[in-house]
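**Student:** Structure of the sequence below:
(chains A, B, C and D)
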Number of protein chains: 2
Amino acid sequence: MSIDICALCPVREHALCSCLNDEERIVLNGLSQRRRVMAGETVMWAGDESRICANLQSGVLKVVAATTDGREQIVSLVYPADFVGEPYATEIAFTVTALSDAELCTFPRLLFERFLEEHARMGNLLLQRTLGALKDARARMLTLARLSAGEKVAGLLLDMAVRAGRHSYRPDQSEPVTFDLPMTRGHMADVLGMTIETVSRQLTKLKSAEVVVLSGARTITIVDGNALKKRAMAA
Amino acid sequence: MSIDICALCPVREHALCSCLNDEERIVLNGLSQRRRVMAGETVMWAGDESRICANLQSGVLKVVAATTDGREQIVSLVYPADFVGEPYATEIAFTVTALSDAELCTFPRLLFERFLEEHARMGNLLLQRTLGALKDARARMLTLARLSAGEKVAGLLLDMAVRAGRHSYRPDQSEPVTFDLPMTRGHMADVLGMTIETVSRQLTKLKSAEVVVLSGARTITIVDGNALKKRAMAA
DNA sequence: GCAGATCCTTGATCCAGATCAAGGCGGTTC
DNA sequence: GAACCGCCTTGATCTGGATCAAGGATCTGC
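**Tutor:** You can find the predicted model right below:
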């Protein structure tokens, strides 16, 4: 009998399983297996059989779509408490790789699917999260296809201020915020569908315009949130 | 008591409700309302309250994301038997408009959500479809961000050959297929994130290369499916 | 604190696709 | 059958961002 490891879980209040009662949670825990990955390590490969699903406990992952000739696009970033994996798919469509060291709580796909079907409340919660992810993906389609480089970078900075910096950040109330960018220029370029050089130039432009301050490559202060929002345009 | 209108439904075998037994289906039917829309008419507006969900019975719809200054991107095409709407959202994020005359079987959102929660099998089916839509959206993110104009057009033609032409079409077995393009050049441009002119030029290029034959603007024959697939690159 | 690697910035040039502009082709109306 | 209208094609030009190229900044291990 395994001990109640969920008690120590850093995301137990926010992950999918937060909707379960103690009894149900213990059953699900019985199916789970903890896994640690190092920055740069790949969690699942496109083309492989879909064998596991997981909740992310700590760290950040990227979900990547790629052409056969090696062009890549990050289609999603996975933060702690987010669900990752492809239930009801036999073959993995998108490669998932750790951007930082990370910890996952994994489940065998087939057992996870069975559990979902037997616990409708969790099934429903996953449905709601999947609908949210779909909305996100569609919003980003607009970004990728129709926004200029300047708009893309401004929008990503605002996103990151909220997700990686203070969750409460509102650009409107323009008190400056400082935080560490959670990714390299290269990853930003992969998220936004552009090149490293263009990302760098746009950041330099924002710096010259005194909208942001860059202290070293990774630390940023948003000085004028309103100006940044104006440059981002699309909601 | 309403008559059993589902018996006449053209998509009863393929829509979400196909997983229900007779009794359940009659309950759901009690919540539904048929709606006809004309080509060009908008079914739901971004920004409005999310009041209805629906199964599409006939016709084709587009789901559109737009910036405040009017740039647009089609993020999804909805075909018969597909589900459309935004359950569990209070405000509509994407405008839905008919590309052709269309018929919908609509449900009030809140009653539909309740029904989903009380009929886990349908909830699970919607989850599977939503996961499929998410995969689609992510694949299209790669297309929008990283493929060339030529690759985009070739890929869309193959897609349409399958969805709008013969469902069984396989480009590998290169017997020619003829079908009518289900949309204008303008809509193709909106789907692919480019301009009408570029779409037109790419089609002309495919014609000159004798990969396709265009008989009038709307009828197309794919002569060399393999060549077209080669030009599309990305899976 | 130095060697090497990785990441970032900046400059010069190029090009795919946007934009601007001008007809051409089918349908529809009366 | 003439006039119109929406859609499509083609040509000329422009430009945002990619690509090519060369350092500069930071970090890591020893």
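**Student:** Could you report the neighbour count for the residue nearest to A:Met194 when sequence neighbours are not counted?
**Tutor:** Of all residues not flanking A:Met194 in the chain, A:Ala149 sits nearest, at 5.8 Å (Cβ to Cβ, 6 or more residues apart in numbering or on different chains). For the C-beta atoms, the positions are set from N, CA and C on the backbone; glycine is no exception. Using other Cβ atoms under 10 Å in any protein chain shown, A:Ala149 is surrounded by 16 other residues.
**Student:** thinking A:Ala149 is in contact with A:Gln202, fair?
**Tutor:** Yes. With contact defined as Cβ atoms under 8 Å, A:Ala149 counts as touching A:Gln202 (5.4 Å).
**Student:** Break down chain A into its helices, ranges please.
**Tutor:** Counting by DSSP state H, one finds helices in chain A at the ranges A:22-31, A:109-118, A:120-146, A:149-163, A:185-192, A:196-208, A:225-232.
**Student:** right, and these - which one's nearest A:Glu103?
**Tutor:** Proximity to A:Glu103, assessed across the helices of chain A by Cβ to Cβ, is greatest for helix A:22-31 (15.1 Å).
**Student:** average pLDDT across the closest one?
**Tutor:** Averaging pLDDT along helix A:22-31 yields 94.
**Student:** Need the pLDDT of A:Ala235.
**Tutor:** 50.
**Student:** Now for chain A, the helix or strand with the poorest mean pLDDT.
**Tutor:** Across the helices and strands of chain A, mean confidence by mean pLDDT, DSSP states H and E is lowest for strand A:177-180: a mean of 89.
**Student:** how about that strand, does it get close to DNA strand C?
**Tutor:** No. Strand A:177-180 does not reach DNA strand C (Cβ under 7 Å from any atom of the strand); its nearest approach is 10.6 Å.
**Student:** What helices and strands are in contact with that strand?
**Tutor:** Of the remaining helices and strands, those touching strand A:177-180 by 3 or more Cβ pairs under 8 Å, 6 or more residues apart in numbering or on different chains; DSSP states H and E are helix A:149-163, strand A:219-222.
**Student:** Let me know whether it sits next to DNA strand D.
**Tutor:** No. Counting by Cβ under 7 Å from any atom of the strand, DNA strand D is not contacted by strand A:177-180; separation bottoms out at 10.3 Å.
**Student:** partners of that strand, with directions?
**Tutor:** Sheet pairing for strand A:177-180, assigned by DSSP bridges, gives strand A:219-222 (antiparallel).
**Student:** how about the strand it pairs with: buried residues?
**Tutor:** A:Ile220, A:Ile222 (16 or more other Cβ atoms under 10 Å in any protein chain shown).
**Student:** what sits up against it?
**Tutor:** Strand A:219-222 is contacted from outside by A:157, A:161, A:171, A:176-181, A:211-215, A:228, using Cβ atoms under 8 Å, 6 or more residues apart in numbering or on different chains.
**Student:** A:Met233 reaches A:Leu158, doesn't it?
**Tutor:** No. Between A:Met233 and A:Leu158 there is no contact under Cβ under 8 Å: 11.0 Å.
**Student:** Check the closest residue to A:Ser215 other than its chain neighbours and give its pLDDT.
**Tutor:** Leaving aside its chain neighbours, A:Ser215 sits nearest to A:Thr221 (7.1 Å; criterion: Cβ to Cβ, 6+ apart). Reported pLDDT at A:Thr221 in the predicted model: 93.
**Student:** what sits opposite A:Thr221 in the beta ladder?
**Tutor:** A:Thr178, A:Val213.
**Student:** rewinding a little: from A:Gly155, how far out is the residue nearest to A:Met194?
**Tutor:** 11 Å (Cβ to Cβ, to the nearest Å).
**Student:** picking up where we left off before, farthest-separated two in the contacts of strand A:219-222?
**Tutor:** Farthest pair in these, by Cβ to Cβ: A:Pro171 and A:Ser215, 19.7 Å.
**Student:** Thanks a lot, see you next time.
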